[in-house]
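Enquirer: Take this sequence and fold it.
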Amino acid sequence: MELERYRKLTILHSNDLHGDFFSTEQSGMLLGGMCRLSGYVQKVRDEVEDVIYCISGDMLQGSIIDSEYRGVSTIEIMNMLGPDVAGLGNHETDYGLTHLLFLERCAKFPIVNANMFIKNPHTRLFESHYTIMKHGMRIMFIGIITEDVMSHIKSDSLVSTLIDVHDAAHEVGAICDAHRSVDVDLTVLLTHIGFEQDKKLAALLDPEWGVDVIIGGHSHTELTEPELVNDILIVQTRNGTHQIGRFDLIVDTDLNTVHSYNWQIIPINENTCPTDNDMADLVRTYKEHVDKKFSLMLCRLQHRLTHPCRNQETGLGNLISDAFRESLGVDIMLLGSGSIRTDAMGPLVTLGVLMETVPYSGKLYASTVTGKQLKDMWRHILREEALSGDSTEFFQFSRGFEITWSRSKQEFLRFDFHEKPIEEDQKLSIAYQSFHRNNFQTSFGIPLEDVLKNGREVVIATDEQEVLVGFFSEYESEDDGIDGRLVILPL
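Expert: Next comes the predicted model:
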């Protein structure tokens with residue numbers, strides 16, 4: 001019997017789950033949590049005949065459970081969640097390339113990526129694409145990530161990625177062209193490059209290649225409807241488990257394209273989603289082990305400190321920056337806003353809470369910069385792309401350094417150290433994390449080689465988490481919070 005031309009397909013999608021395993025309470029309602037997300041996915045699979053669930057990167061990092069088990073726990077949880085296919089995100093490389101390949105072997109679902117290579121021989125590390133059959137249709141998923149978001153492994157000389165969206169577009173075209181002899185009914189890109197880059201990528205794709213949908217991640221963008229660029233639908237679902245994206249599609253199998261669709265963000269809460277009790281039991285088992293190890297109380301803050309937005313001064317960012325500076329004895333600590341992985345901490349600070357707040361354990365470096373170099377660095381950090389776009393790179397900094405930046409004039413109205421203007425030839429010691437050391441020019445806008453002309457770079461701590469544990473174990477809380485060290489005047 002010949003199948004009908006127009007066929008139904010439901011695609012559920014998540015991105016940037018970041019170890020968001022547990023429900024949170026808001027206005028008397030439990031929101032999110034892996035047991036309810038899994039319950040919703042299973043509910044749709046029971047109700048709808050042809051369903052695909054996919055994840056567009058960053059399953060790892062963000063939970064103390066993930067850090068304690070180096071992602072093995074997360075992969076076991078993902079196996080129970082049961083995605084049909086997943087793409088790579090930048091945080092999948094946090095525990096190193098070798099460990100990533102081990103985790104990929106632990107996964108009971110395909111992980112696709114078209115553009116991570118071993119340089120010599122020129123060989124892909126993962127399968128570039130995966131094709132799923134549903135209702136007589138072939139749906140092809142291609143994974144894409146670019147150099148800009150693969151910063152954790154840039155120092156690995158054996159590995160490379162395609163450099164930018166132009167190269168990524170070319171690779172997508174090559175894959176699609178190689179499958180012209182196969183009747184692919186729907187082509188979906190699982191990207192982890194950020195919403196603005198998704199739009200650029202879509203604009204570069206030749207319509208003849210047949211890409212229909214881009215399911216993105218990385219920028220944690222919240223949409224109310226799909227973006228349409230070059231007849232390609234682009235979607236993303238913020239981050240975590242508080243919501244899931246849902247496409248209900250009608251696919252034209254003669255033209256191999258989307259005939260019509262309905263897309264919505266489904267809230268995950270106790271009223272709309274059943275609980276997957278098996279998932280709840282698995283997550284609880286991990287939590288019980290972690291709670292025993294990490295329930296040690298370190299200190300109590302005077303009040304809860306928040307980190308609601310990366311590209312502004314935050315109370316939590318101030319405290320952690322000050323903790324590093326006071327522990328390390330440098331003039332200024334430059335702390336990556338993205339290394340703070342929770343939106344609040346306190347008033348009670350346990351070892352587990354601190355580890356979840358700053359889950360990274362890399363080295364800390366110190367070097368000397370001139371006043372001019374520091375000002376150039378902050379011109380780069382305060383560029384409009386970082387303030388108004390989906391760029392996630394920004395910095396918190398320690399007490400004593402004061403900046404007022406005019407966005408309308410594009411100039412500094414204040415650039416002081418301990419209330420005195422910083423002179424161009426003044427020398428200051430700065431500390432920074434290994435991530436930014438390995439991506440110095442991308443992070444700060446100037447070459448590390450220029451900074452090293454002022455004197456040698458030193459490793460001042462081998463584990464940033466140990467520095468913080470030592471600090472907070474002896475910390476006598478002050479009236480911490482926002483003190484106006486960074487003021488950004490509006491346009």
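
Enquirer: Quick one: neighbours of Gly28, just the number.
Expert: Gly28 sits with 5 neighbouring residues when counted by other CB atoms under 10 Å. From N, CA and C alone the C-beta is placed, and that goes for glycine too.

Enquirer: Correction: the previous question concerned Arg124.
Expert: Arg124 has 12 neighbours, counted by other CB under 10 Å.

Enquirer: What of Ala178?
Expert: For Ala178, the number of neighbouring residues by other CB under 10 Å comes to 11.

Enquirer: check contacts around Glu419.
Expert: Contacts of Glu419 were listed using CB atoms under 8 Å, 6 or more residues apart in numbering, and they are Glu402.

Enquirer: Could I get the phi/psi values of it?
Expert: Glu419 has phi and psi values of phi 70, psi 10 when expressed as degrees, to the nearest 10.

Enquirer: so where is the stretch 251-400 of the chain shaky, pLDDT-wise?
Expert: Under the criterion pLDDT under 70, the flagged ranges of the stretch 251-400 of the chain are 389-392.

Enquirer: Gly362 is in contact with Glu464, isn't it?
Expert: Yes - with contacts counted by CB atoms under 8 Å, Gly362 reaches Glu464, the gap being 6.0 Å.

Enquirer: Now list whatever residues contact both of the two.
Expert: Counting by CB under 8 Å, 6+ apart, the contacts common to Gly362 and Glu464 are Gln433.

Enquirer: In the stretch 351-491 of the chain, what residue spans correspond to helices?
Expert: 351-357, 371-381, 384-388, 434-438, 440-444, 448-452, 464-473 (DSSP state H, counting those that start in this stretch).

Enquirer: for the fourth one, what is the average pLDDT?
Expert: Averaging pLDDT along helix 434-438 gives 90.

Enquirer: for Asn318, what are its contacts?
Expert: Asn318 makes contact with 305, 396, 398-399, 480-483, 485, according to CB under 8 Å, 6+ apart.

Enquirer: A strand includes it, no?
Expert: No - the assignment for Asn318 (DSSP: H, G, I helix; E, B strand; the rest coil) gives helix, which keeps it out of a strand.

Enquirer: picking that back up, between Gly362 and Glu464, which one's more packed in?
Expert: Using other CB under 10 Å as the criterion, Gly362 and Glu464 rank with Glu464 on top: 24 against 19.

Enquirer: Export only the CA atoms of stretch 478-488, formatted as PDB.
Expert: Taking C-alpha atoms only, stretch 478-488 is exported to PDB below (Å, rounded to 0.1, in the frame of the first residue of the first chain):
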ATOM      1  CA  GLU A 478      30.500  40.800  55.400                       C
ATOM      2  CA  ASP A 479      27.800  42.900  53.800                       C
ATOM      3  CA  ASP A 480      28.600  41.500  50.400                       C
ATOM      4  CA  GLY A 481      26.700  42.400  47.300                       C
ATOM      5  CA  ILE A 482      26.800  44.900  44.400                       C
ATOM      6  CA  ASP A 483      28.900  47.900  45.200                       C
ATOM      7  CA  GLY A 484      29.100  49.700  41.900                       C
ATOM      8  CA  ARG A 485      32.500  48.600  40.800                       C
ATOM      9  CA  LEU A 486      31.200  48.100  37.300                       C
ATOM     10  CA  VAL A 487      28.700  50.700  35.900                       C
ATOM     11  CA  ILE A 488      27.500  50.400  32.300                       C
END
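
Enquirer: Other residues contacting that stretch?
Expert: In contact with stretch 478-488 (CB under 8 Å, 6+ apart) are residues 301-303, 305, 312-315, 318-319, 322, 382, 387, 397, 399, 401-405, 407, 414.

Enquirer: circling back: which of the contacts of Asn318 sits closest to Met59?
Expert: Taking CB to CB as the measure, Met59 sits nearest to Gln396 out of these, at 26.3 Å.

Enquirer: Out of the contacts of stretch 478-488, list just those in strands.
Expert: For those, the ones inside strands are 305, 397, 401-405, 414, with DSSP state E as the criterion.

Enquirer: and these as TSV, adding distance to Ile139?
Expert: Putting these into TSV (distance: CB to CB, whole Å) gives the following:
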residue	distance to Ile139
Leu305	45
Phe397	47
Phe401	52
Glu402	54
Ile403	49
Thr404	52
Trp405	47
Arg414	55
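
Enquirer: which among the residues you listed end up buried?
Expert: When burial is judged by neighbour count using 16 or more other CB atoms under 10 Å, the buried members of the ones in strands among the contacts of stretch 478-488 are 305, 397, 401-405, 414.

Enquirer: Specify which member of these is nearest to Lys375.
Expert: The shortest approach to Lys375 among those belongs to Ile403, at 9.5 Å (CB to CB).

Enquirer: Quick check: closest non-adjacent residue to the closest one.
Expert: Spatial nearest neighbour of Ile403, excluding adjacent residues (CB to CB, 6 or more residues apart in numbering): Leu486 at 5.3 Å.

Enquirer: Is His259 in contact with Glu4, as I believe?
Expert: No - using CB under 8 Å, His259 is not in contact with Glu4; the gap is 11.5 Å.

Enquirer: which strands and helices sit next to the longest helix seen in the chain?
Expert: Scanning the chain for the longest helix, with DSSP state H as the assignment, gives helix 277-294. Packed against helix 277-294 by the contact rule (3 or more CB pairs under 8 Å, 6 or more residues apart in numbering; DSSP states H and E) you find helix 34-47, helix 64-68, helix 72-81, helix 351-357.

Enquirer: rank those helices by pLDDT, which is bottom?
Expert: Averaging pLDDT over each of these singles out helix 64-68 as the lowest, with a mean of 88.

Enquirer: which other helices and strands contact it?
Expert: Helices and strands touching helix 64-68, as assessed by 3+ CB pairs under 8 Å, 6+ apart, comprise helix 72-81, helix 277-294, helix 351-357.

Enquirer: which stretch among those comes nearest Phe435?
Expert: For those, proximity to Phe435 was assessed by CB to CB; helix 351-357 is nearest, at 16.3 Å.

Enquirer: I'd like the distance from that closest one to the chain centre, please.
Expert: Mean C-alpha position of helix 351-357 versus that of the full chain (CA atoms, centre = their mean, to the nearest Å) differs by 18 Å.

Enquirer: Kindly report the same for stretch 55-62.
Expert: Averaging C-alpha positions (CA atoms, centre = their mean) puts stretch 55-62 7 Å from its chain's average.

Enquirer: For Gln302, which non-adjacent residue is closest in space?
Expert: Taking CB to CB, 6+ apart as the measure, Gln302 lies nearest to Ser477, with 4.9 Å between them; neighbours along the chain are not counted.

Enquirer: my guess is that neighbour contacts Leu298, does it?
Expert: No - using CB under 8 Å, Ser477 is not in contact with Leu298; the gap is 10.9 Å.
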